[in-house]
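In: give me a 3D structure for the following:
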Amino acid sequence: MRVEPPNEVDRLGVEVGEPGSLRPGAGTGQNRWAPRWWIALLGLAAAVAILVAGIVPRRRAEAKLAQETEQMAVPVVSVVHPKRSAPADELVLPANVQAYIDAPIFARTNGYLKKWYVDIGARVKQGQLLADIETPEVDQQLRQARADLGTAEANLNLAKITNDRYAGLLKTDSVSKQDADNAAGNYAAQKATVQAAEANVRRLEELQSFEKIYAPFAGVITARNTDIGALIDSGSAGGTRTELFHIAQPDKLRVYVNVPEAYAPSAKPGLPVDLIVSEFPGRRFPGGLVRTANAIEPNTRTLLVEIRVDNPTGILFSGAYAEAHFKLPNAGSSFILPVNALLFRSEGLRVAAVGDDHLAELKPITIGRDYGTEVEVVSGLNGQEAIIINPPDSIVSGEQVRVVSQSAGEPQPGQHGPPNQGAAGH
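Out: You can find the predicted model right below:
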């Protein structure tokens, strides 16, 4: 039997059919595994695509979260620019009005009020009788003192006679030298006793004169704190003193004002000052600065000044509240800031400014007048700064911040985040 070698077509696994045609046959093992490799490759590609599709968004989300966290760590602030106040020739400050002379009237002796002659609102003259006090103890002591004075004077007279007699007898050696000296010494002692008795009488007479209460100066009685029959205690025995009357002289008024330290150099004697009270709207009462304390009060950082105002008709009342309008020479321009821009630090008053580099800078300032919601800044600013409103308590110089528009509260281009709601440090 003859075996023919397989032809090329049989080795390729193709059956021969009709002439000119080829038909795939069962083929070899390699031909059967080829489609499975393509399926595995497609499945692997699909798995890699799914894996990449899950990791990449997560990475992007993590990067975005980190970026947002970094942005949120930077404080977001609102700013305002200082308003320049118009150069003012007048400084308005609260003032306390007092009478030129004001004094309580106390008793100098103990007793009971016998009668009073004036009441509140009465105008009195200097030396006018205001009240009488009954002092029976003082009256009795005065009588006793006068009797003691009479006894002392009688003893003095007897001692003088004895001394003169012994002096004459001594010349004839009728008495001893010792007896004559005793008589002279007794005479000197009795003379001193009389002088002491006279002084005691004068003291009690002075106390008795205090039974009458007189006005120490011309003025108005502003208070009467006693009545007929009331017990009067002078306080000499350690008790509580009784104020009988209160008198004030309202013809001239002393007005005391605390001037801020920034204006202290301009507050000099002779400076014209007008007084305005709410009872007389639109009316000014002229006065002048007469003296200053020449020292800054350390607790309030103010200078105490005294203003004198004439009040001949008594239209202004002592104890009233008023506004003092100082006519300052060449008052300089200043700036106005809201009070919620201030930072109260241990080293002093500060404001936080933001530069073009978006870095905060703490600036020391000096304030002048306080308008309630706003304050006057007299030094420390040039007017070009962007001042942070409601700065955080922890803000420090060099700290990076993000600025938002104060009016609309919208971030500037390229910035995001809500306006800062922090409070100023105190």
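In: ranges for the helices of the stretch 151-300 of the chain?
Out: Here the stretch 151-300 of the chain has its helices, by DSSP state H, counting those that start in this stretch, at 177-209.
In: show me where pLDDT drops low in it?
Out: Flagging of the stretch 151-300 of the chain using pLDDT under 70 yields the residue ranges 236-239.
In: now with 90?
Out: 162-184, 187, 204-211, 231-243, 250, 260-268, 278-279, 281-282 (pLDDT under 90).
In: so Ala103 makes contact with Pro216?
Out: Yes. With contacts counted by CB atoms under 8 Å, Ala103 reaches Pro216, the gap being 6.5 Å. To be clear about C-beta, it is placed using only N, CA and C from the backbone, and glycine gets the same treatment.
In: shared neighbours, the two?
Out: Between them, Ala103 and Pro216 share these contacting residues under CB atoms under 8 Å, 6 or more residues apart in numbering: Ile247.
In: please enumerate the strands of the stretch 1-150 of the chain.
Out: Assigned by DSSP state E, counting those that start in this stretch, the stretch 1-150 of the chain shows strands spanning 14-16, 22-24, 76-80, 83-84, 90-106, 111-116, 123-124, 129-134.
In: a markdown table for these, including distance to Val194?
Out: Shown next, in a markdown table, are those (distance: least, CB to CB, whole Å):
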| stretch | distance to Val194 |
| --- | --- |
| strand 14-16 | 173 |
| strand 22-24 | 169 |
| strand 76-80 | 89 |
| strand 83-84 | 85 |
| strand 90-106 | 34 |
| strand 111-116 | 29 |
| strand 123-124 | 41 |
| strand 129-134 | 30 |
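In: of all those, which lies closest to Asn186?
Out: For those, the distance to Asn186 is smallest for strand 111-116, at 39.8 Å, taking CB to CB.
In: relative to the whole chain's centre, how far out is the closest one?
Out: 46 Å (CA atoms, centre = their mean, to the nearest Å).
In: buried residues in that strand?
Out: Gly111, Leu113, Trp116 (16 or more other CB atoms under 10 Å).
In: for it, packing partners?
Out: Counting contacts by 3 or more CB pairs under 8 Å, 6 or more residues apart in numbering; DSSP states H and E, strand 111-116 packs against strand 129-134, helix 136-171, strand 231-232.
In: for the closest residue to Ile389 other than its chain neighbours, list each beta-bridge partner.
Out: Of all residues not flanking Ile389 in the chain, Ser78 sits nearest, at 4.7 Å (CB to CB, 6 or more residues apart in numbering). Following DSSP bridges, Ser78 is listed with bridge partners Ile389, Val404.
In: so Ser78 sits against Arg402, correct?
Out: No. In this structure, Ser78 is not within contact of Arg402 by CB under 8 Å, at 10.4 Å.
In: follow-up on the earlier one: of the strands of the stretch 1-150 of the chain, which approaches Gly355 most closely?
Out: Closest approach to Gly355 among the strands of the stretch 1-150 of the chain is made by strand 76-80 (10.9 Å; CB to CB).
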